[in-house]
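>>> Predicted model and sequence below, questions to follow.
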Amino acid sequence: MNGTKFRITRRQFLGTTAAATTAFTIIPRHVLGGTGSKAPSDKLNIAGVGIGGKGYSDLTSVESENIVALCDVDWRHASGAARRFPDARKWQDFRKMLDEQKEIDAVITATPDHLHAVVSMEAMKRGKHIFTQKPLTHTVYEARALAEAAQKYNVASQMGNQGQAGEETRLLREMIWDGAIGAIREVHVWTDRPNRGFTDVYWPQGVGRPMDTPPVPEGLDWDLFLGPAPVRPYHPAYHPFRWRGWWDFGTGALGDIGCHSLDPIFRAMKLGHPLTVQAVSTLVNRETYPSGSIVKYEFPARGDMPAVTLTWYDGGMKPFRPEELEEGRQLGTNGTLFVGDKGKILDGRIIPESKQKEYTMPPKSLPRSPGHYEEWITACKGGEPAGSNFSFAGPLTEVVLLGNIALRLELKEKVSRLKLQWDPENLKITNLPEANQFLHVEYRKGWTL
């Protein structure tokens, strides 16, 4: 990993996580706002990179500012943004855009996962504030690097896990910290991704590489889509959107949803880095993530909170039905269950519902958010750091993506019987050296971080 020295330690992450649960002031203003930041009354000049899907809605969420540049490798897919922002300059290569369009203040990127880090890093190196869709990066190494770069280059940052700004996450923390279900030793979280039903999927996983080689559609720069990934022929199985399930481009169900659904757990439970990670799954290959998996993390005690096990389920798998759940009531296709010494919280409410009705909610004690995008805009203009700035989002992403390493075909047989032991100080798995090759990927020639 190029001999890079990492400075965000487990102790620092624990401190950052704890602070983020009570306020957004986890980093001094000068670190993320900077002396050259704009006054609150000034409008930012914002560029979008990867604006055909989620990036389009990201831009419409900040269109009170100046949208001055649009960049996408496929302008057929990005035509909606071009119509919405006709005065913005159009680009295909984000590097040329950043080099030539000097008035850009901030960048929003919602490319496929394998491009998140290189786009974000190039923006930060040029002093641009950055908003990067979840998961923050494609690899654990990249997540560490971006967290450090945001501080080094003195820019405001935010990861696109919008739920962190919501009211529900704050109510959950206030309940748990009030002792609503006592000390918590287990948390379970599940998603139906990549499945949408028995016969339909959000994107394919557990499949092999297509053998046919259709022509590249007009308007798509396939080489720029590949970016740092190894060369392979174009196929509609990858673009648009269906790239999520491929090892080379996406981060699978865990990467896609984990930074959403694990965020409130990390804040409520004041989690840092895990001690161990272990996984089991359906059949997996070297091309795509498995169609279903279970990943278990073990975290140490934190302050007065005991050690806790966090278990992730995807592909439609779920934990066993809790006995407190009323007859006729089912676990949803996506959900979270906290198991405490004095009860259980399912999707933000104590079960059974009768116990929730008996419980008196504590007074609101946490600052409320003006909105996920508003947090970032305020930070760009010198205000408080955003709630999912890279000092929080980077370590969270590291933990999420560690689960994907445990799913690798090359490690599957061993990891099903072995808990990977994690050393966050040195960014290393200590008891299975061959697993460390998956902390990062080798970039294609011409691409660097």
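That came through fine.

>>> wouldn't residue 159 be in contact with residue 137 here?
No: checked against C-beta atoms under 8 Å, the pair residue 159 and residue 137 is beyond contact range at 9.6 Å. Where C-beta positions appear, they are placed from N, C-alpha and C, glycine not excepted.

>>> if you skip the residues just before and after it, what's nearest to residue 55?
Closest residue to residue 55 apart from its sequence neighbours, by C-beta to C-beta, 6 or more residues apart in numbering: residue 110 at 3.2 Å.

>>> okay, now that neighbour: neighbour count?
Using other C-beta atoms under 10 Å, the number of residues around residue 110 comes to 25.

>>> can you check residue 158 too?
Counted by other C-beta under 10 Å, the residues lying close to residue 158 total 32.

>>> what's the answer for residue 107, then?
The burial metric for residue 107, expressed as a neighbour count using other C-beta under 10 Å, is 26.

>>> Pull up the gap between it and residue 213, please.
Using C-beta to C-beta, to the nearest Å, residue 107 is found at 33 Å from residue 213.

>>> got any residues that touch both of residue 159 and residue 137?
Among the neighbours of residue 159, those also in contact with residue 137 (C-beta atoms under 8 Å, 6 or more residues apart in numbering) are residue 397.

>>> can you give me the strands in the stretch 301-449 of the chain?
Secondary structure of the stretch 301-449 of the chain, counting by DSSP state E, counting those that start in this stretch: strands at 308-313, 335-340, 343-346, 349-351, 420-423, 428-429.

>>> just to revisit the earlier point, was I right to think the residue nearest to residue 55 contacts residue 54?
Yes: contact between residue 110 and residue 54 holds when scored by C-beta under 8 Å: they sit 4.5 Å apart.

>>> Residues that sit against both of the two, list them.
Between them, residue 110 and residue 54 share the neighbouring residues 133, 160, with contact defined by C-beta under 8 Å, 6+ apart.

>>> Look at the residue lying closest to residue 302 once chain neighbours are set aside and say how many residues are nearby.
Counting by C-beta to C-beta, 6+ apart, the nearest residue to residue 302 once its immediate chain neighbours are dropped is residue 270, at 5.0 Å. Close neighbours of residue 270, defined as other C-beta under 10 Å, add up to 22.

>>> And the pLDDT at residue 270?
The predicted structure scores residue 270 at 98 on the pLDDT scale.

>>> cool, the one 3 residues further on as well?
The confidence metric pLDDT takes the value 97 at residue 273.

>>> do the one 5 residues further on as well
Residue 278 is assigned a pLDDT of 96 by the prediction.

>>> averaged over its residues, what pLDDT does stretch 48-68 have?
Across stretch 48-68, pLDDT averages out at 96.

>>> In CSV, list the C-alpha atoms belonging to it.
In CSV, the C-alpha atoms belonging to stretch 48-68 read as follows (Å, rounded to 0.1, in the frame of the first residue of the first chain):
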residue,chain,number,x,y,z
GLY,A,48,-21.3,17.1,-10.2
VAL,A,49,-19.4,14.0,-11.2
GLY,A,50,-21.5,10.9,-12.1
ILE,A,51,-24.8,12.7,-12.5
GLY,A,52,-27.0,10.2,-14.3
GLY,A,53,-28.6,8.5,-11.3
LYS,A,54,-28.2,9.4,-7.6
GLY,A,55,-25.9,12.2,-8.6
TYR,A,56,-28.8,13.9,-10.3
SER,A,57,-30.9,14.0,-7.2
ASP,A,58,-27.9,15.1,-5.2
LEU,A,59,-27.5,18.1,-7.5
THR,A,60,-31.2,19.0,-7.3
SER,A,61,-30.9,19.0,-3.5
VAL,A,62,-28.2,21.8,-3.6
GLU,A,63,-29.6,23.7,-6.6
SER,A,64,-30.0,26.8,-4.3
GLU,A,65,-26.2,27.1,-5.0
ASN,A,66,-24.6,27.6,-8.4
ILE,A,67,-24.4,24.3,-10.4
VAL,A,68,-21.5,25.3,-12.7
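
>>> Name the surrounding residues that touch that stretch.
Judged by C-beta under 8 Å, 6+ apart, the contacts made with stretch 48-68 from elsewhere in the structure are 43-47, 69-72, 74, 77-78, 80-81, 84-85, 87-89, 94, 97, 101, 103-104, 107-112, 115, 119, 131, 133, 160, 240-241, 373, 376-377.

>>> Out of these, list just those in helices.
Among the contacts of stretch 48-68, the members falling in helices (DSSP state H) are 80, 81, 84, 94, 97, 115, 119, 373, 376, 377.

>>> Surely residue 162 touches residue 374?
No: at 11.1 Å, residue 162 does not count as touching residue 374 under the criterion of C-beta under 8 Å.

>>> could you say which helix or strand contains residue 294?
strand 293-299 (DSSP states H and E).

>>> got the CA coordinates for the longest helix along the chain in PDB?
Selection of the longest helix in the chain by residue count, based on DSSP H, yields helix 390-405. Listed in PDB are the C-alpha atoms of helix 390-405, where the atom choice follows Å, rounded to 0.1, in the frame of the first residue of the first chain:
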ATOM      1  CA  PHE A 390     -15.000  12.000   6.400                       C
ATOM      2  CA  SER A 391     -13.500  11.800   9.900                       C
ATOM      3  CA  PHE A 392     -16.600   9.800  10.800                       C
ATOM      4  CA  ALA A 393     -17.600   8.300   7.400                       C
ATOM      5  CA  GLY A 394     -14.100   7.000   6.600                       C
ATOM      6  CA  PRO A 395     -13.800   4.800   9.600                       C
ATOM      7  CA  LEU A 396     -17.400   3.700   9.300                       C
ATOM      8  CA  THR A 397     -16.700   2.700   5.700                       C
ATOM      9  CA  GLU A 398     -13.600   0.800   6.700                       C
ATOM     10  CA  VAL A 399     -15.600  -1.400   9.100                       C
ATOM     11  CA  VAL A 400     -18.400  -2.000   6.500                       C
ATOM     12  CA  LEU A 401     -15.900  -3.000   3.800                       C
ATOM     13  CA  LEU A 402     -14.000  -5.400   6.200                       C
ATOM     14  CA  GLY A 403     -17.100  -7.500   5.900                       C
ATOM     15  CA  ASN A 404     -16.600  -7.800   2.200                       C
ATOM     16  CA  ILE A 405     -13.100  -9.100   2.700                       C
END
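
>>> can you give me the mean pLDDT across it?
Helix 390-405 carries an average pLDDT of 98.

>>> Measure how that helix sits relative to strand 293-299, angle-wise.
130 degrees (axes from the mean of the first three to the mean of the last three C-alpha atoms, to 10 degrees).

>>> Compare residue 162 and residue 374 (neighbour count), which wins?
In this view residue 162 and residue 374 are compared by other C-beta under 10 Å, and residue 162 has more residues nearby, 19 against 16.

>>> which residues sit in contact with the closest residue to the more buried one other than its chain neighbours?
Excluding the flanking residues, the one nearest residue 162 by C-beta to C-beta, 6+ apart is residue 372, at 4.3 Å. Residues in contact with residue 372 (C-beta under 8 Å, 6+ apart) are 158, 160, 162, 164, 165, 386, 387, 388.
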